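Trainee: The sequence and its predicted three-dimensional model are supplied below.
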Amino acid sequence: MNKQGEIIIVDDDTDDLDILKEVYGLLPFVNRLVTFSDGEDVCNYLKNPESYPFLIISDINMPKMNGFELRDRVFKEAEIAKRIIPFVFMSTCADRSTMKKYCMNSFHGFFEKKSDFIQMTKMLERIIGYWKDAIPSD
């Protein structure tokens, strides 16, 4: 795990991306933040052998490629999967069927987006802080 690598946030909602960028700017982390609105763009970015992000945070409900499909592609591509990149969902969708699918696929985390800016800030800080403490760096 590359704890110094970039943090990738994937969300097709530009308002949510803007809020997450603002929230991240308030946090004490120095990792570069990279945002995408499309899963295909993330896959292309990760195909670059020099790309070794620390963490991926993805929405679930996105057109073209949803978060589950993105996660599957990231973990099935051998060159990407061997980099050990935690993949976390942050979505407004927390219904029973989504949670069931989430639990069946052993993801690294599922968090419901907060509508309150302070709560969102605290949640993002806890997510990143957890992974900073979780596994020794490469």
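Mentor: Cool, got the structure.

Trainee: Can you point out the helix or strand that includes the residue nearest to the spatial centre of the chain?
Mentor: For the chain, residue 57 is the residue whose C-alpha lies nearest the centre (CA atoms, centre = their mean; 1.0 Å). Using DSSP states H and E, residue 57 sits within strand 55-58.

Trainee: any idea of the mean pLDDT for that strand?
Mentor: What strand 55-58 shows for mean pLDDT is 96.

Trainee: in the helix or strand following that strand, what's buried?
Mentor: Next in sequence after strand 55-58, counting helices and strands by DSSP H and E, comes helix 67-76. Within helix 67-76, the residues that count as buried by 16 or more other CB atoms under 10 Å are 67, 68, 70, 71, 73, 74. Backbone N, C-alpha and C define where each C-beta goes, glycine included.

Trainee: How about the third one: what's its closest non-neighbour residue?
Mentor: I take that to be residue 70. Once flanking residues are discounted, residue 70 sits nearest to residue 39: 3.7 Å by CB to CB, 6 or more residues apart in numbering.

Trainee: OK, contacts around the one you found?
Mentor: 10, 58, 62, 64, 65, 66, 67, 69, 70, 73 (CB atoms under 8 Å, 6 or more residues apart in numbering).

Trainee: if I read this right, residue 42 contacts residue 11, doesn't it?
Mentor: No - the pair residue 42 / residue 11 is not scored as a contact, 10.9 Å apart, by CB atoms under 8 Å.

Trainee: All set now, cheers.
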